[in-house]
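Asker: Attaching a predicted model along with its sequence, questions to come.
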Amino acid sequence: MYIEQLYTGCLAEAAYYIESEGEVAIIDPLRETAPYIELAGKRNAKIKYVFETHFHADFVSGHIDLARKTGASIVFGPTAQTGYHVTVANDEEIFTLGKIKLKVLHTPGHTLESSCYLLIDENGNNKAVFTGDTLFVGDVGRPDLAIKSDLTIDDLAGMLFDSLNSKIKPLADDVIVYPAHGAGSSCGKNIGKETFSTIGTQKKLNYALQPMNRIAFIKSVTDGLSDAPGYFAMDARLNKEGYDSIDEVLKKNTKALSVQEFESELSKGAFVLDVRSPDDFEKGFVPNAINIGLNGQYAPWVGALMDANRPLVLVADEGKEAEAVLRLARVGYEKVNGYLKGGIASWEIEGKKVETIESITAEDFVARIDSSTNILDVRKLGEVETGIIENAHHICLSKLQGELNSLDKKKHYFVHCAGGYRSMMAASILKQQGFTKITNVLGGMGKINATGIKLVQPVQTF
């Protein structure tokens, strides 16, 4: 038996490769199929099953393309209804893979069809459980992504309570827990940094597995949930109904545009997404571009900040264009009309206008703070609980575009986040919306804290 976790940090997503006697099962694959097909080929094995733990909302799964290319069967848990052929398993149904077995555990709560897969080894022992978004390290799946007219968030949280108590907690302490996500994913409230654990460890440390009644559990898992990113509903629908081949999407979207062709797309309403690092972006960018760098959680932030229905054109470092397109496709963003050939250098060579954003060090920023300084803190709610700069205005980056009317375009804003990646996104949004006096704070709160500045508790946040 061979198990490999294929973890993708920018999405905080874990897919799994499981092999026995030359037969392979893939659990929750990303949209690109090559990593799984190549791994099976390298090991002289054949992909037999593609198991989906649920209809993912935070990325487009590769199950359809993978099944099409390999002949594997797609398996979902009970109640799943799709727009393509799948095997809808029964609760506790067993699938054989070489000398091992995978047992379906229907665990509704995160979504109605959510299921875990219990791996039973060659000796008949429960070895591991692939928990999808039902159970994470230190957390559980949010119960607000599958609401129908006759179901509330409390209804789904109650189902999750039943699923955890009847299917997960009875498992032996040494059973390995392999979840679908790690820290940074929006599918939970506060997922731990580890990407796997054990049932015993989670019983001790996971707040949602502690002894409590149904009412207390519902309150515990629903309190403090942030809004789900806007693209979640789109991705869940694509995973449920089907989608275009990833090969066709990449072929269509990875298109080099001359400066003139790029301008033509802009004139037709395309939106400029600049995927370079914040340090490079600030030195010169196409007017009205928004910066979301490939060097961070690029695709989830595109999903949180940009309209999937509006065409995009990309500015990237040379050689990074295909990566930018692929990572957009992973979250269902397929309206990419091309990229600027030669990157920002070609734009500048043609004498086209560029804009810049000022950045300063944390030390310079702290030295300039007085009672009239306008500070915009774009960290998440959980991050500001540890303290905020006195009189700073806090707006979560994901809500910034909807809260711009609370800011004054005549004022000079110093923008910071936790580490510097998100503040440049915020600064580029402000610039695009007509704010002309913007300064980015390099290194964010991490560097600001190092200056010894006194922090206070936030009074009002968005």
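Answerer: Arrived safely.
Asker: Give me the neighbour count for Leu305.
Answerer: Residues lying near Leu305 (other C-beta atoms under 10 Å) number 22. For glycine as for every other residue, the C-beta is placed from the backbone atoms N, C-alpha and C.
Asker: what separates it from Leu326, distance-wise?
Answerer: 19 Å (C-beta to C-beta, to the nearest Å).
Asker: how about the helices in the stretch 51-200 of the chain?
Answerer: 63-70, 153-163, 199-205 (DSSP state H, counting those that start in this stretch).
Asker: Any idea which of those helices gets closest to Tyr178?
Answerer: With C-beta to C-beta, the closest approach to Tyr178 among these belongs to helix 199-205: 11.3 Å.
Asker: The closest one packs against which elements?
Answerer: strand 176-179 (3 or more C-beta pairs under 8 Å, 6 or more residues apart in numbering; DSSP states H and E).
Asker: so how far is the strand it packs on off the chain centroid?
Answerer: 19 Å (C-alpha atoms, centre = their mean, to the nearest Å).
Asker: That one pairs with which strands, parallel or anti?
Answerer: Within its sheet, strand 176-179 is paired with strand 126-132 (parallel), strand 197-198 (antiparallel), according to DSSP bridges.
Asker: Just the CA atoms of the longest one, as PDB, please.
Answerer: This points to strand 126-132. Only the C-alpha atoms of strand 126-132 are listed here, as PDB (Å, rounded to 0.1, in the frame of the first residue of the first chain):
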ATOM      1  CA  ASN A 126      -8.800   0.800  10.000                       C
ATOM      2  CA  LYS A 127      -5.700   2.700   8.900                       C
ATOM      3  CA  ALA A 128      -6.800   6.200   7.900                       C
ATOM      4  CA  VAL A 129      -9.800   8.300   7.200                       C
ATOM      5  CA  PHE A 130     -10.000  10.900   4.400                       C
ATOM      6  CA  THR A 131     -12.300  13.500   5.900                       C
ATOM      7  CA  GLY A 132     -12.700  16.000   3.100                       C
END
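Asker: How far does the helix or strand bottoming out on mean pLDDT in the chain sit from its chain's centre?
Answerer: Lowest mean confidence among the helices and strands of the chain (mean pLDDT, DSSP states H and E): helix 381-384, at a mean of 87. How far helix 381-384 lies from its chain's middle: 18 Å, per C-alpha atoms, centre = their mean.
Asker: pLDDT below threshold where in the stretch 301-450 of the chain?
Answerer: Within the stretch 301-450 of the chain, no stretch has pLDDT under 70.
Asker: Glu323 and Leu294 touch, don't they?
Answerer: Yes - counting by C-beta atoms under 8 Å, Glu323 touches Leu294, with 6.4 Å between them.
Asker: residue contacts, the closest residue to Gly200 other than its chain neighbours?
Answerer: Excluding its sequence neighbours, the residue lying closest to Gly200 (C-beta to C-beta, 6 or more residues apart in numbering) is Asp173, at 2.8 Å. Contacts for Asp173 (C-beta atoms under 8 Å, 6 or more residues apart in numbering) come out as 198-200, 203.
Asker: Now render those as JSON lines, adding distance to Asp121 and pLDDT.
Answerer: Below are the contacts of Asp173 laid out as JSON lines (distance: C-beta to C-beta, whole Å; pLDDT from 0 to 100):
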{"residue": "Thr198", "distance to Asp121": "15", "pLDDT": "98"}
{"residue": "Ile199", "distance to Asp121": "15", "pLDDT": "98"}
{"residue": "Gly200", "distance to Asp121": "18", "pLDDT": "98"}
{"residue": "Lys203", "distance to Asp121": "22", "pLDDT": "98"}
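Asker: Buried subset of those residues, written for ChimeraX?
Answerer: What follows is the ChimeraX syntax for the buried subset of those, where burial is set by 16 or more other C-beta atoms under 10 Å:
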select :198,199
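Asker: Include distance to Gly138 when you put the contacts of Asp173 into TSV, please.
Answerer: Shown next, in TSV, are the contacts of Asp173 (distance: C-beta to C-beta, whole Å):
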residue	distance to Gly138
Thr198	13
Ile199	13
Gly200	14
Lys203	12
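Asker: need the strands for the stretch 1-150 of the chain, in chain order.
Answerer: All strands of the stretch 1-150 of the chain, identified by DSSP state E, counting those that start in this stretch, fall at 2-8, 13-20, 23-27, 46-51, 73-76, 87-88, 94-97, 100-106, 115-120, 126-132, 135-136, 139-140.
Asker: quick one: which of the ones you listed is nearest Glu261?
Answerer: Short answer: strand 2-8, nearest of the strands of the stretch 1-150 of the chain by C-beta to C-beta, at 31.9 Å.
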